[in-house]
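> what shape does this take:
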Amino acid sequence: MRVHFISIGGSVMHQLAIALHRKGYQVTGTDDEIFEPSRTNLLNEGILPAVMGWQPELITSNLDAVILGMHARNDNPELQKALELGLKIYSFPEYIFHESRQKKRIVVGGSHGKTTTTSMIMHVLRSLKVDFDYLVGAKLNGFDQSVNITNAPVIVCEGDEYPASAIEKKPKFHFLFPHVAILTGIAWDHINVFPTFDFYLEQFRIFIAKIESGGLLIYNESDAVLNKLVKECHRSDLRYQPYAIPEHAILNGNTTVTIDGNTSSLKVFGNHNLMNMVAAYYACKEIGVSAGDFIRTIADFTGASKRLELLASNNNCNVYRDFAHAPSKVKATIEALKQQYPDRKLIGILELHTFSSLNEKFMNEYNGALSKADTAIVFYSKHALELKRLPDLPIEKIREGFNQSGLLVMNDKKILEEWLETNDFSNSNIVLMSSGNYDGLDMLTFAERVTQ
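Down below sits the predicted model:
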């Protein structure tokens, strides 16, 4: 097989290129810029482009597939050449499906918890030495890739609702056609892509319609919006498995959980993670994993990167970082920490960094998201607004949206840095919630300093 990647340097594109190269395919690719770690990963594999820039001469009639990355524009000269030659052009998810037509496909969708739930399934299957392929949106312990394509009979995919490519605007998870589908919940986000909630909701209706006949839909019945949607979209040719928070206990900062009479302590915590775990169990059960084996192997799951990840700790202070940025994710993270450590002061520091979170029209969606935090800080940088070409975001609009007494709002990293350096964090948990980097502040050094 001869496969060419347009925009090979993307975080998942380069991983798929490496996976196919290891499978024995002849892989080429181009990009106008390739950053680390993609550059070194491709170099080590021997498939780093010799020069940067688009090379339409590489697009020839003997290519079996052209895979188009999200960062390639409609007027890309390689794309135009591929269209002229009538070559088969795939978006990333379309090609994943192309490689997985003969596999049993497990796809995890939803507005939150996709990465963690997918990671839990992967962790259990690897621990039990089940042969499987995967696609996940984070670096996981024990996996050197976030994408793997072999001849395994099963594939586990995180199902993203973002558009598939420059020429294919449909969400990625519409192209995966699962036999086992998980929906973790629905909360409006990505308003630059889905300008109304109804339009966002429609994408999940379409996803349900694309589940293979005879398949299983595992869904969070405690999510009122999702529960209603599943009933509206009922299909007689599907099986349904609702789930909610499982039987569990919390004692001295330790969570134990019970599934089908099997009990174990966990290294992750919070109601959202407990529900993610139950969803993962039902998916594993569908491919033959017993409750006992699941509980035994999930016990040492430590979480995906930047998902309530413990950066540093001592006897009276823990510092976590979390990818939480959407309102539902922020609320779940804050509630999880307060529930796990009720006697500790909780300090939540949220950076507004995404298009949605920096948009004044979206701000009311954050109403109450930080309410369980004893000290709540919202930070945003003017640089982020400039990069996204958004107008100024008034501090008073943030305060109105979050609707929280005592909320601290900062838009200068020096002010945040000074606050971090002058406060006492004894008997506290600090959670840093962001998909950005706090305008360049070294939060890892801060975490190590306050826990020395």
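> and Ser213, how far is that from Leu79?
As defined by CB to CB, to the nearest Å, Ser213 lies at a distance of 35 Å from Leu79. All C-beta spots, glycine's among them, are computed from the backbone N, C-alpha and C.
> of the two, who's got more company?
Using other CB atoms under 10 Å as the criterion, Ser213 and Leu79 rank with Leu79 on top: 24 against 9.
> and that one, how far is that from Ile6?
6 Å.
> now do the shared contacts for these two.
Residues touching both Leu79 and Ile6 (CB atoms under 8 Å, 6 or more residues apart in numbering) are Val66, Leu68, Ala72.
> among these, which are in strands?
If you go by DSSP state E, those have Val66, Leu68 in strands.
> paired strands for whatever helix or strand Val107 lives in, with orientation please.
Using DSSP states H and E, Val107 sits in strand 104-109. When pairing is defined by DSSP bridges, strand 104-109 lines up against strand 154-158 (parallel), strand 180-183 (parallel).
> now it: how far from the chain's centre is it?
Taking CA atoms, centre = their mean, to the nearest Å, the mean C-alpha location of strand 104-109 is offset from the chain mean by 14 Å.
> can you pull out the strands in the stretch 251-400 of the chain?
In the stretch 251-400 of the chain, the strands defined using DSSP state E, counting those that start in this stretch lie at 254-259, 262-266, 309-314, 317-322, 345-351, 375-379.
> residues in contact with the longest one?
Meaning strand 345-351. 324-325, 330, 333-334, 337-338, 369-370, 372-380, 416, 425, 427-436, 438.
> quick one: buried residues of the worst-scoring helix or strand of the chain on mean pLDDT?
One helix or strand of the chain scores below all others by mean pLDDT, DSSP states H and E: helix 382-387, with a mean of 90. In terms of neighbour count (16 or more other CB atoms under 10 Å), helix 382-387 has its buried residues at Ala384, Leu385.
> stretch 89-103 now?
In stretch 89-103, counting by 16+ other CB under 10 Å, buried: Ile89, Tyr90, Ser91, Phe92, Pro93, Glu94, Tyr95, Ile96, Phe97, Glu99, Ser100, Lys103.
> so what touches that stretch?
So stretch 89-103 is in contact with 12-13, 16, 65-70, 79, 82-83, 105, 133, 135, 147, 149, 152-155, 157, 160, 164-165, 167-168, 172-177, going by CB under 8 Å, 6+ apart.
> just those residues: which are in helices?
Members of these lying in helices (criterion: DSSP state H): Met13, Leu16, Leu79, Ala82, Leu83.
> can I get the buried part of the residues you listed as one PyMOL selection?
Only the buried entries of the ones in helices among the contacts of stretch 89-103 go into this PyMOL selection, using 16+ other CB under 10 Å:
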select buried, resi 13+16+79+82
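> of all the ones in helices among the contacts of stretch 89-103, which two lie farthest apart?
Leu16 and Leu83 (21.3 Å; CB to CB).
> state the helix or strand in which the residue positioned nearest the centre of the chain lies.
Geometric centre of the chain, nearest residue: Thr115, 4.3 Å, by CA atoms, centre = their mean. In the assignment (DSSP H and E), Thr115 maps to helix 114-127.
> who are the packing partners of that helix?
If contacts are counted by 3 or more CB pairs under 8 Å, 6 or more residues apart in numbering; DSSP states H and E, helix 114-127 sits against strand 104-109, strand 154-158, helix 271-286, helix 291-298.
> now the strands paired with strand 104-109 as JSON lines including distance to Lys285?
Shown next, in JSON lines, are the strands paired with strand 104-109 (distance: least, CB to CB, whole Å):
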{"stretch": "strand 154-158", "distance to Lys285": "13"}
{"stretch": "strand 180-183", "distance to Lys285": "10"}
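> Gly46 is nearest to which of those strands?
Short answer: strand 154-158, nearest of the strands paired with strand 104-109 by CB to CB, at 25.4 Å.
> quick one on the thing from earlier: let me see the mean pLDDT of the strand holding Val107.
Averaging pLDDT along strand 104-109 yields 98.
> so it versus helix 114-127, what angle?
150 degrees (axes from the mean of the first three to the mean of the last three CA atoms, to 10 degrees).
> buried stuff in strand 104-109?
Lys104, Arg105, Ile106, Val107, Val108, Gly109.
> quick check: the second one touching His179?
Think Arg105. Yes: here Arg105 reaches His179: they are 5.3 Å apart, a contact under CB atoms under 8 Å.
> mutual contacts of these two, please.
Shared contacts of Arg105 and His179, defined by CB under 8 Å, 6+ apart, comprise Glu212.
> how about Pro246, what does it touch?
Val257, Thr258, Ile259, Leu274, Met275, Met277, Val278.
> just send those residues back as JSON lines, with neighbour count too.
Formatted as JSON lines, these follow (neighbours: other CB atoms under 10 Å):
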{"residue": "Val257", "neighbour count": "24"}
{"residue": "Thr258", "neighbour count": "14"}
{"residue": "Ile259", "neighbour count": "20"}
{"residue": "Leu274", "neighbour count": "21"}
{"residue": "Met275", "neighbour count": "23"}
{"residue": "Met277", "neighbour count": "26"}
{"residue": "Val278", "neighbour count": "23"}
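> among these, which pair sits farthest apart?
Across those (CB to CB), the longest gap, 14.3 Å, separates Thr258 and Met275.
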